[in-house]
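Enquirer: Can you look at this prediction? I've put the sequence above it.
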Amino acid sequence: MKNKSSTTIESLPDELVFNILVRLPAEDIYNDAMLVCWKWYRTIHTRNFIDSHLRHSTPGILVRNFNFKNNDSFIVSMRQDRAVLSEFSYKFTGGGPWSCCNGLIVEYDYSKRSLRITNPAIKQHFAIPQFIRPRAHVIYPSIAYSAASKEYKVVLTYGISDGGDSCVPRLAILTVGVDQSWRDVCTPQLSQDMIIIAPVISEGFIHWPLERTHVLTLNVATEVVTRTPLPEGCDNGFKFYLSTGKYLSLFVRCTVFSLEVWDLESDSGEWTKMNNIDLESQKSKFEHVNCKKDSRRFVLIPTVWLKCKEVLVFRFQRPTGVFFAYNVRTHEIDWFELDCACHFRNFELHTSSLVWLT
């Protein structure tokens, strides 16, 4: 009598298991897949798997409402060239998200009156040591990853009151899991304007765009701040800055429906001219959101890059819940709507991941 061969989960080839699991959402892996068997559990907890899963994951826009009636959060992602809204399962109880990096979120823990790092997908929290400086006014905390040292660093922009109406700008850095207290970065490059500017994070760098003249950039690995002038001819007009993930994008408004686009290579400090965003031929599609009585306030605001710079999401300067996703390759527009005005929302590029600090 011949032995019948059977296939079980445990007998599946390691490479096949790896390639299947790495394509699942982080929440499904953490809540279900890693509980199937020890083989899957061990695979999921390897550094190689966590890094591979992050590379396979597609970022979305984390949108948090800031009003008393609705404090929910949503994720906007692109599926088959359509913008899809889904509820974000994690409930923010304090302030945030202030900053996102590789699935990690910096938020404010009101119960401890301090910042913490959270990965919502794997339900982990890390308490950040309190920041205490006399007369300091903290504005924007950021988190970024140094690939060279494989460390995450939290950076605070803050001002020290000079006794008058102005503040002296300062930067403080904390290497997560290494530093027990904050370290101040002393450099003459800092500008008072950066105290009120939200930083933009790219791969290994944190940027503070100073509207008309230049960008300040912190190299997270070396902790050196550099000053990069804007491209020639970009001094005037509305300017917007976004992260592509790897680079910093600069948008300069040419007309109501067109934007000049530049990318900054942070290591070299060189700007590269990209293809313009031109929606002039499609301006008839915007009549339902254009307030003719207040045409001066009809400004298209680039909000987030998605799908590796294939899709650019726009909102409008005039408070409205209307957004659209513009595919720069196909020139298609997909409209979507949120239920409260833009000035009550926070937008962050977020990737659901298995990344943690150990």
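Expert: Arrived safely, thanks for sending.

Enquirer: Do a quick rundown of the strands in the stretch 51-200 of the chain.
Expert: In the stretch 51-200 of the chain, the segments counted as strands under DSSP state E, counting those that start in this stretch are 60-65, 73-79, 82-87, 99-101, 104-109, 114-119, 124-127, 136-146, 151-161, 167-175, 183-185, 200-202.

Enquirer: which stretch among these comes nearest K307?
Expert: Of all the strands of the stretch 51-200 of the chain, strand 73-79 sits nearest to K307, with 5.5 Å by Cβ to Cβ. Every C-beta, even on glycine, is put in place using the N, C-alpha and C of the backbone.

Enquirer: quick one: strands adjacent to the closest one?
Expert: According to DSSP bridges, strand 73-79 forms sheet pairs with strand 60-65 (antiparallel), strand 82-87 (antiparallel).

Enquirer: And the contacts of stretch 16-27?
Expert: 29, 33, 39-40, 43-44, 49, 52-53, 56-57, 89, 103, 121-122, 352-354 (Cβ atoms under 8 Å, 6 or more residues apart in numbering).

Enquirer: picking that back up, with mean neighbour count, distance to T222 and mean pLDDT added, can I get the strands of the stretch 51-200 of the chain in JSON lines?
Expert: Shown next, in JSON lines, are those (neighbours: other Cβ atoms under 10 Å; distance: least, Cβ to Cβ, whole Å; pLDDT from 0 to 100):
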{"stretch": "strand 60-65", "mean neighbour count": "22", "distance to T222": "29", "mean pLDDT": "85"}
{"stretch": "strand 73-79", "mean neighbour count": "18", "distance to T222": "34", "mean pLDDT": "87"}
{"stretch": "strand 82-87", "mean neighbour count": "14", "distance to T222": "38", "mean pLDDT": "88"}
{"stretch": "strand 99-101", "mean neighbour count": "22", "distance to T222": "18", "mean pLDDT": "93"}
{"stretch": "strand 104-109", "mean neighbour count": "22", "distance to T222": "21", "mean pLDDT": "90"}
{"stretch": "strand 114-119", "mean neighbour count": "20", "distance to T222": "22", "mean pLDDT": "92"}
{"stretch": "strand 124-127", "mean neighbour count": "14", "distance to T222": "24", "mean pLDDT": "94"}
{"stretch": "strand 136-146", "mean neighbour count": "19", "distance to T222": "9", "mean pLDDT": "85"}
{"stretch": "strand 151-161", "mean neighbour count": "21", "distance to T222": "11", "mean pLDDT": "90"}
{"stretch": "strand 167-175", "mean neighbour count": "19", "distance to T222": "11", "mean pLDDT": "90"}
{"stretch": "strand 183-185", "mean neighbour count": "13", "distance to T222": "11", "mean pLDDT": "90"}
{"stretch": "strand 200-202", "mean neighbour count": "21", "distance to T222": "15", "mean pLDDT": "94"}
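
Enquirer: Out of these, flag the one nearest D193.
Expert: That would be strand 167-175 among the strands of the stretch 51-200 of the chain, by Cβ to Cβ, at 8.1 Å.

Enquirer: where exactly do the strands run in the stretch 201-350 of the chain?
Expert: Going by DSSP E, counting those that start in this stretch, the stretch 201-350 of the chain shows strands at 205-210, 214-219, 224-229, 239-243, 248-255, 258-265, 270-273, 277-278, 300-306, 311-316, 322-327, 333-337, 345-350.

Enquirer: Run through who's touching the third one.
Expert: Outside strand 224-229, the residues within contact range by Cβ under 8 Å, 6+ apart are 171, 185, 187, 189-190, 213-219, 264, 269, 271.
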